[in-house]
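Asker: below: sequence and its predicted model.
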Amino acid sequence: MSGESDKTEKMTAALRKAGIRVTRQRIALLGVLADADDHPDAVELHARARAVEPSVSLATVYRTLSVLQEQGVVHRHAFEGGGARFETTHEDHHDHILDVDTGEVIEFQSDIIERVQDEIARELGYEVVHHRLELYCRKKR
């Protein structure tokens with residue numbers, strides 16, 4: 001099974017668990033969400049889903065995203081300087097760089113950063129249960 005269909009099945013199961021009907025409009029949305037390799041906002045997801053299924057409403061997009069977020073299969077990011085953006089949950093933890101000039105979001109993973117965060121928490125008598133790191137960057141010229 002492909003990664004996209006795994007994601008779609010996971011999101012479909014989450015909707016059913018929440019008692020939400022899986023309509024053709026939602027199937028279109030789940031497909032574009034599973035296929036997204038960027039971090040689109042709800043309006044962009046709506047446009048992409050409408051290209052697949054013209055009857056998808058923006059209200060359906062917002063409601064579906066809310067349920068998927070509650071079910072833990074979609075992350076909502078509120079990056080500084082913009083509206084909420086969404087991505088499906090990943091197996092592996094990652095952080096984000098936001099290009100302040102283009103708005104592009106780049107995912108990265110750093111064992112060094114993870115170790116330093118754990119070390120700082122431990123020195124202060126804590127253990128990390130969750131964290132989010134966002135770097136706001138500009139390409140060097």
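Answerer: Now that the structure is in, tell me what you want to look at. All of these numbers come straight from a predicted model, not from anything done at the bench. Residues are numbered from 1 along each chain as shown.

Asker: outline the domain layout of this structure.
Answerer: 3-88, 95-137 (automatic domain parsing).

Asker: any idea which of the ones you listed is most buried?
Answerer: Of all the domains of the chain, domain 3-88 has the most neighbours on average by mean count of other Cβ atoms under 10 Å, namely a mean of 16. Quick note: C-beta positions are derived from backbone N, CA and C, even for glycine.

Asker: and that one, what's its mean pLDDT?
Answerer: Domain 3-88 comes out with an average pLDDT of 91.

Asker: packing partners for the longest helix seen in the chain?
Answerer: With DSSP state H applied, the helix covering the greatest number of residues in the chain is identified as helix 3-17. If you count contacts as 3 or more Cβ pairs under 8 Å, 6 or more residues apart in numbering; DSSP states H and E, helix 3-17 packs onto helix 24-35, helix 58-70, strand 85-88.

Asker: how does it look with 6 Å?
Answerer: If you count contacts as 3 or more Cβ pairs under 6 Å, 6 or more residues apart in numbering; DSSP states H and E, helix 3-17 packs onto helix 24-35.

Asker: what is the helix it packs on packed up against?
Answerer: Here helix 24-35 is seen to pack against helix 3-17, helix 42-52, helix 58-70 when contacts are counted using 3+ Cβ pairs under 6 Å, 6+ apart.

Asker: what's the angle from it to helix 42-52?
Answerer: Counting by axes from the mean of the first three to the mean of the last three Cα atoms, to 10 degrees, helix 24-35 lies at 110 degrees to helix 42-52.

Asker: need the residues that contact helix 24-35.
Answerer: Residues external to helix 24-35 that are found in contact with it (Cβ atoms under 6 Å, 6 or more residues apart in numbering): 4, 7-8, 11, 48-49, 52-53, 55-56, 60-61, 64.
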